[in-house]
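K.L.:
Below are the sequence and a predicted model for it; my questions follow.
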Amino acid sequence: MCSAASSADPADLATLSQLDETTLLDVLSRRFHCDQIYSYIGDILVAINPFKYLPLYEKSESEKYKSCSKDSLPPHIYAVADRAYRSMLGRLATGPKNQCIVISGESGAGKTESTKLLLRQIMELCKGNSQLERQILQVNPLLEAFGNAQTVMNDNSSRFGKYIQLRFHSTAVKGAKINEYLLEKSRVVHQDEGEKNFHIFYYMFAGISAADQEVYGLLEPKFYRYLNHKYGSDEIIQQWSKKYHEVCNALDMVGFLEQELVDMMTILAGILSLGNILFEPQDTGILKVMDQSKGWLKAAASQFGVEQEDLLKCLICTMAVTRGESIQRYHTKQQAEDARDSIAKVAYGRVFGWIVSKINQLLAPKEEMDIVELLEIGILDIFGFENFAVNRYEQMCINLANEQLQYFFNHHIFLMQQDEYRQEGIEWELITFKDNKPILNLFLAKPLGVFSLLDEQTAFPQATDKTFVDKLNNAFKGNPHFKIGRSHNLVFTIVHYAGKVQYNASGFLEKNRDTIPASIRGLFINSITPLLSVLFTATVSRTGTLMAHQRPKLSQKKARQL
């Protein structure tokens, strides 16, 4: 219920006479219970997920927040979009200037939805109603299908980070580019209790026809190990079917070809079949595929467009060349299973990277735009801080990204602002804040940071996850931000800016290596499935995006002639 106190609360919390954590939380709580989910703290917009429908995003609301002053209307994400757009065009205090909107928060806080709302409003402000604007709006649901999944915290959690660059000339959008980071590829082969694989696998089963299911070589979803042999209720399957058709429409709208969709779904089916291949040793000690999974080997080879014997060879042995001689080294059962899962993770990662690369090609500014200077609005949507019952390598990477974001906020809001006051001779009271630089040093210092030690251990053939944890315990004993695990399990605790997180180091070395059998690249390059060949021929960027062929820049002389 709304109280008299809540109606008197300011929309901008920076104007509160008493500014401390307790007061901020009290005011935010009162505003939230009045369905006022947005509040300002200076230039920052705080958004609290209402987990229900609110009439805040209708066409009339969108119109209201066009060219509005900050204080004339209640706080809203549309106001952030408007301010970024007008600042970029130079309609506010500064001249034309590139802008960046950073979206951060815990998992489930509403970052994905906020990104979509910002994009929608910025496209509305362009007023062009062009094909390009409609294509840009299709990008997010497309990336959600392939990059989001259900976690214990959130039914639609982004399992990758993205930076969307919108490029403008005058008032119109002329192109867009996506940069993606840290796709959680391990989710393809393993999900903890209460979690699911990436959405697209479930959408695919729910949406394709029986005839297409046969074309892709798919059986019932309950047969697949990578889906934990689970599916969904009739009601959820109906929703997934609708989502599948939305994904197909989005692919079509953005400009993907029908054959590319067929190839992509065939590769996804191949990944699922691959996960069902199990191994057992023969009397000779060499592994063979278990009788009950021979059909899955045949299916995976067919879906990947390669020979069955060649795929099996990549799984059960490694070829090494010594002094011009080829030597076969046979895998243990564990090594074969690791090879199988590595292939699945890399194949899915390359599909995702290809989708991003293809989007970037299709949405790139036209060639004639090379001769003009384009302005930009960037939107950074990165995973929220995560602390689950079991936290793994992926959570550590995600939480490090959040530590770096927190450091940026501290530096930008406190240190830079105080430097500005000092330079202008303004009297101010020193603001104390929690500096998380020591936590960043714990992770990133060289040669004795968590990641330096992890890289060092990854390079040693005899190192294990246990030797890595032992190294950490020796290196950081007494560090206030590191706690040694009490049990003999492979655990350690980091005291982050947002609280303590215990990490389970099982699988850290394998995930950090992120390797695939050397022979698999050659095998897939020669695949008769055209897309798979493209995926493994392409160069991959540091973040996982497939590198498209770059159009050569026009020379200054040629630009002047044009």
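P.N.:
It's in. All of these numbers come straight from a predicted model, not from anything done at the bench.

K.L.:
Run through the residues that contact the residue most central in space within the chain.
P.N.:
With distances taken as CA atoms, centre = their mean, the residue of the chain nearest its centroid is residue 160 (0.9 Å). Residue 160 sits next to 143, 147, 180, 181, 182, 183, 184, 352, 383 when contact means CB atoms under 8 Å, 6 or more residues apart in numbering. Placement of C-beta: from N, CA and C, glycine included.

K.L.:
what's the spacing between it and residue 352?
P.N.:
According to CB to CB, to the nearest Å, residue 160 stands 8 Å off from residue 352.

K.L.:
all strands for the stretch 401-550 of the chain, in order.
P.N.:
Counting by DSSP state E, counting those that start in this stretch, the stretch 401-550 of the chain has strands at residues 482-484, 491-496, 499-504.

K.L.:
who wins for proximity to residue 156 among those?
P.N.:
Smallest distance to residue 156 across the strands of the stretch 401-550 of the chain (CB to CB): 22.6 Å, for strand 499-504.

K.L.:
what's the angle from the closest one to strand 491-496?
P.N.:
Strand 499-504 runs at 160 degrees relative to strand 491-496, counting by axes from the mean of the first three to the mean of the last three CA atoms, to 10 degrees.

K.L.:
can you tell me the average pLDDT over strand 499-504?
P.N.:
For strand 499-504, mean pLDDT is 96.

K.L.:
Can you verify my assumption that residue 458 contacts residue 511?
P.N.:
No. Residue 458 lies out of contact with residue 511 (CB atoms under 8 Å); the separation is 9.4 Å.

K.L.:
so where's the protein uncertain?
P.N.:
Scanning the chain for pLDDT under 70 picks out 1-7, 128-129, 321-323, 416-417, 428-431, 542-544, 548-562.

K.L.:
Just give me the longest helix of it.
P.N.:
Ranked by residue count under DSSP state H, the longest helix found in the chain is helix 333-363.

K.L.:
Mind listing what's buried along that helix?
P.N.:
By neighbour count on 16 or more other CB atoms under 10 Å, the buried set for helix 333-363 is 335-360, 362-363.

K.L.:
One more: stretch 204-220?
P.N.:
By 16+ other CB under 10 Å, the buried positions in stretch 204-220 come out as 204, 205, 206, 207, 208, 213, 216, 217, 218, 219.

K.L.:
picking up where we left off before, spit out the residues that contact residue 160 and residue 352 alike.
P.N.:
147, 180, 183.

K.L.:
where's the last one, which helix or strand?
P.N.:
I take that to be residue 183. According to DSSP states H and E, residue 183 maps onto no helix or strand at all.

K.L.:
Grab the nearest non-local neighbour of it.
P.N.:
Excluding the flanking residues, the one nearest residue 183 by CB to CB, 6 or more residues apart in numbering is residue 160, at 4.3 Å.

K.L.:
Kindly report the same for residue 276.
P.N.:
Once flanking residues are discounted, residue 276 sits nearest to residue 296: 4.0 Å by CB to CB, 6+ apart.

K.L.:
what does residue 348 give?
P.N.:
Leaving aside its chain neighbours, residue 348 sits nearest to residue 188 (4.6 Å; criterion: CB to CB, 6+ apart).

K.L.:
thought the one you found was touching residue 346?
P.N.:
No. Contact criterion CB under 8 Å: residue 188 and residue 346 do not qualify, at 9.5 Å.

K.L.:
sorry, back to before: name the stretch among the strands of the stretch 401-550 of the chain that sits most buried.
P.N.:
Highest mean neighbour count of those: strand 491-496, a mean of 19 (counted as mean count of other CB atoms under 10 Å).

K.L.:
and that one, what other elements does it pack with?
P.N.:
On a contact count with 3 or more CB pairs under 8 Å, 6 or more residues apart in numbering; DSSP states H and E, strand 491-496 meets helix 393-410, helix 437-444, helix 465-475, strand 482-484, strand 499-504.

K.L.:
Of the ones you listed, which stretch is the most buried?
P.N.:
Of the helices and strands packed on strand 491-496, helix 393-410 is the most buried (mean count of other CB under 10 Å), at a mean of 19.

K.L.:
rewinding a little: any idea how far the residue nearest to the centre of the chain is from residue 348?
P.N.:
Applying CB to CB, the value for residue 160 to residue 348 is 12 Å.
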